[in-house]
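Student: Here's my sequence, what's the structure:
(4 chains)
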There are 2 protein chains.
Amino acid sequence: MKLQQLRYLVEVARRGLHVSEAAEALYTSQPGVSKQIKLLEDELGVVIFERAGKRLASVTEPGREVIAIAERLLREAENIKRVGEEYAGGGNGSLVIATTHTQARYALPEVVKRFVDRHPSVRLSMHQGNPTQIAEWTQKGEADIAIATEALELYPQLVMLPCYQWVHCVIAPVGHPAVANGGLTLAELARWPLITYDPAFSGRSRINSAFERAQLTPNIVLSAIDADVIKTYVELGLGLGIIARMAYDPVRDSGLVAVDAEHLFGANTTRIGLRRGVRLRRYDYDFIELFAPHLPRRAVDMAMAGGGEEYQL
Amino acid sequence: MKLQQLRYLVEVARRGLHVSEAAEALYTSQPGVSKQIKLLEDELGVVIFERAGKRLASVTEPGREVIAIAERLLREAENIKRVGEEYAGGGNGSLVIATTHTQARYALPEVVKRFVDRHPSVRLSMHQGNPTQIAEWTQKGEADIAIATEALELYPQLVMLPCYQWVHCVIAPVGHPAVANGGLTLAELARWPLITYDPAFSGRSRINSAFERAQLTPNIVLSAIDADVIKTYVELGLGLGIIARMAYDPVRDSGLVAVDAEHLFGANTTRIGLRRGVRLRRYDYDFIELFAPHLPRRAVDMAMAGGGEEYQL
DNA sequence: CGTGATTACGTTTATCGTAATTATA
DNA sequence: TATAATTACGATAAACGTAATCACG
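Tutor: Sure, this is the predicted structure:
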């Protein structure tokens, strides 16, 4: 049994049993992959792929088990390489954060500033995307840390760490009748054209379900990925905005008024997602603790070791 | 990075940094091991072993990490091989139980009988030893399942599963004055010569601590590994015996009387120990469930995945 | 027939073992 | 000086890529 044989095996399984596709992805030849897989099957004494003539048709029961174990094994091999990189790199590595606009714009700046202060030689990069992309980048290992409020729970290969809670607010142009008197209700909101986040983003799911529970149909005239866009259109008078509280700045947004909306939509939890089984570097732990001070290394390790039940905030 | 390089590395680390010893254990040459380790260090860009001239002196910090990960990785490689064996072997594998005399003689016969009924093609073998040996055999992978009442908790690499509880009894020749009237006490026991288990075995630790708590010094004239020996000497009149309740058979041991001793020494818990991270075969799960019906596959998997806190009986 | 997997074969690389060398206790 | 690790080197083997073959849609 060789490490490459396992790499070939896993890649073929991932690519829907296409040997040539896997070979191309691994920068090697079709026959090589084919032969090594056959050698592995012979050595183990087990058929991994059911063949229909010359084509791979399906994965056998023992094959599924072998592939599952091989994936864990290869992750450990990755981890060994990462140890090398961390210690050999002389402190300068790279950290890729996958996150949404909301986090990058309103929650992370302070954290990033402190992080680059402490780790000037680590190349930090932010991959911005929607929650699904974020989760997939992290699952594939293209990003080290995912930060999002939505969708991460759908990926069992990710370990979730609750970081902080936040609430929405309703924004309106100064003098707008809806916010003139206090006690804003969902029914009142539903009477106005609304501008808020794209369905996949930043607690939009809670907004939807709040209206649904109240059996109201909001009139969402525009949805956007970020609060800056939403604020712009609210200022233009297109409607009321619903954004994250932290995205409203009374000084900068002096043309707008904000009304707290926790009583309408409840609170959202922003989480960090980490690929299960991956070895974290010193600065990974450091970034996490800067972002969520209640998550020191020990807590992160416990969550990574745990069976997957979410650590309670 | 090759699997063998990792095998070499781990073996050298295990053998106290002696390359020649490791080479011998791996049935290969000294220079081969030396070279492969150096190649691995070069590839990772990390020094794993600190050299003092030509001798390996110590393990570096990154080295410790690499070795720890390599051990996990090699265990997964083992697991892949085990999948092959289980499926290729056509159902006939082998199961090695490491246990003490007490378990083998009094707790296991019924279980073993049912197991060989169900799995006639599995070669079952029992390795008998003291609890320390049992734990070490299991840790090294020489045994699949450890069963003992003592010492297993000292091995962090073993996952512990509480199986059943049992109590001691005091045995005496028929007509012995100590058991003539009821209400046996520790003070009474301490007045007679006693025969019981060897200090490493079968709840002897609880016997000792019970006397200690009562500030009594028992007069243990003879200690043995098994109840059969103890019973023999009690019948000869050498003293009172303290043995596991299940080892007394009123019919077979008609020359002896037994008095329950739970109120004196409390209850003991017999546990199964499994090597952490090892893949279990269908019949491993089956044996465990036959022995401890409250431990179906699901419960065992949960305990194996868990962080190590003992599953509560 | 075209796509995609296996078989055949020659080249290249790396692994293994023996022998020689070097450094420490 | 004896023990133990590294370096040198030659034989063996296995992995890789190209080319040819074979099965299926």
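
Student: Now for chain A, the helix or strand with the poorest mean pLDDT.
Tutor: strand A:55-59 (a mean of 85; mean pLDDT, DSSP states H and E).

Student: Tell me the buried residues in the longest strand along chain A?
Tutor: When chain A is parsed with DSSP state E, its longest strand is strand A:158-173. The neighbour-count check on strand A:158-173 (16 or more other C-beta atoms under 10 Å in any protein chain shown) flags A:158-164, A:166-173 as buried. Every residue, glycine included, has its C-beta placed from N, CA and C.

Student: got it, and stretch A:5-20?
Tutor: Neighbour-count burial for stretch A:5-20 flags A:5-13, A:15, A:17-19 (criterion: 16+ other C-beta under 10 Å).

Student: for stretch A:190-207, same thing?
Tutor: Neighbour-count burial for stretch A:190-207 [16+ other C-beta under 10 Å]: A:192, A:194-197, A:200-207.

Student: quick check: mean pLDDT across the strand or helix carrying residue A:284?
Tutor: Element membership for residue A:284 (DSSP states H and E) is helix A:282-291. Helix A:282-291 comes out with an average pLDDT of 96.

Student: For the nearest residue in space to residue A:132 that is not next to it in sequence, give its distance to residue A:129.
Tutor: Leaving aside its sequence neighbours, residue A:132 sits nearest to residue A:151 (C-beta to C-beta, 6 or more residues apart in numbering or on different chains; 5.6 Å). In this view, residue A:151 and residue A:129 are 11 Å apart by C-beta to C-beta, to the nearest Å.

Student: and what of residue A:167?
Tutor: According to C-beta to C-beta, residue A:167 and residue A:129 sit 24 Å apart.

Student: and the residue nearest to residue A:132, what does it touch?
Tutor: Going by C-beta atoms under 8 Å, 6 or more residues apart in numbering or on different chains, residue A:151 touches A:131-132, A:134-135, A:200.

Student: let's see 6 Å
Tutor: By C-beta atoms under 6 Å, 6 or more residues apart in numbering or on different chains, residue A:151 lies in contact with A:131-132, A:135.

Student: residue in chain A nearest to DNA strand D?
Tutor: In chain A, no residue comes nearer to DNA strand D than residue A:53, which is 2.2 Å away by C-beta to the nearest atom of the strand.

Student: Check that residue and give its pLDDT.
Tutor: 76.

Student: That one: neighbouring residues, count only.
Tutor: Counted by other C-beta atoms under 10 Å in any protein chain shown, the residues lying close to residue A:53 total 5.

Student: For it, give its distance to chain B.
Tutor: 23 Å (C-beta to the nearest C-beta, to the nearest Å).

Student: One more: residue A:298?
Tutor: From residue A:298 to chain B the distance is 12 Å (C-beta to the nearest C-beta).

Student: Now the element after the helix or strand containing residue A:87, going C-ward?
Tutor: In this structure, residue A:87 sits in helix A:61-88 according to DSSP H and E. As assigned by DSSP H and E, the chain's next helix or strand after helix A:61-88 is strand A:94-99.

Student: Show me which positions of that next one end up buried.
Tutor: Here strand A:94-99 shows A:95-99 as buried, counting by 16+ other C-beta under 10 Å.

Student: likewise stretch A:265-276?
Tutor: A:265, A:268, A:270-276.

Student: Closest to residue A:305 out of these?
Tutor: residue A:276 (9.9 Å; C-beta to C-beta).

Student: which residues does residue A:231 contact?
Tutor: Contacts for residue A:231 (C-beta under 6 Å, 6+ apart) come out as none.

Student: Could you verify that it is part of a strand?
Tutor: No: counting by DSSP: H, G, I helix; E, B strand; the rest coil, residue A:231 falls outside a strand, being helix.

Student: List the contacts of stretch A:8-22.
Tutor: A:25-26, A:30, A:33-34, A:36-37, A:56, A:67, A:70-71.

Student: Mind picking the lowest-pLDDT entry from these?
Tutor: Among the contacts of stretch A:8-22, residue A:56 has the lowest pLDDT, at 83.

Student: That residue and residue B:230, how far apart?
Tutor: Using C-beta to C-beta, residue A:56 is found at 63 Å from residue B:230.

Student: hang on, the earlier thing: from the contacts of stretch A:8-22, list the ones also adjacent to DNA strand C.
Tutor: Taking C-beta under 7 Å from any atom of the strand as the test, DNA strand C is in contact with A:30, A:34, A:37, A:56 out of the contacts of stretch A:8-22.

Student: And chain A, what are its domain boundaries?
Tutor: Under the TED database, the residue ranges defining each domain of chain A are A:3-87, A:90-162+A:270-305, A:165-268.

Student: what distance separates the start and the end of the shortest one?
Tutor: When you say that, I think you mean domain A:3-87. 23 Å (C-alpha to C-alpha, to the nearest Å).

Student: Likewise for the second one?
Tutor: Between the opening and closing residues of domain A:90-162+A:270-305 lies a distance of 28 Å (C-alpha to C-alpha).

Student: Can you give me every residue that contacts the closest residue to residue A:207 other than its chain neighbours?
Tutor: Spatial nearest neighbour of residue A:207, excluding adjacent residues (C-beta to C-beta, 6+ apart): residue A:265 at 5.5 Å. By C-beta under 6 Å, 6+ apart, the contact list for residue A:265 reads A:168, A:206-207, A:210.
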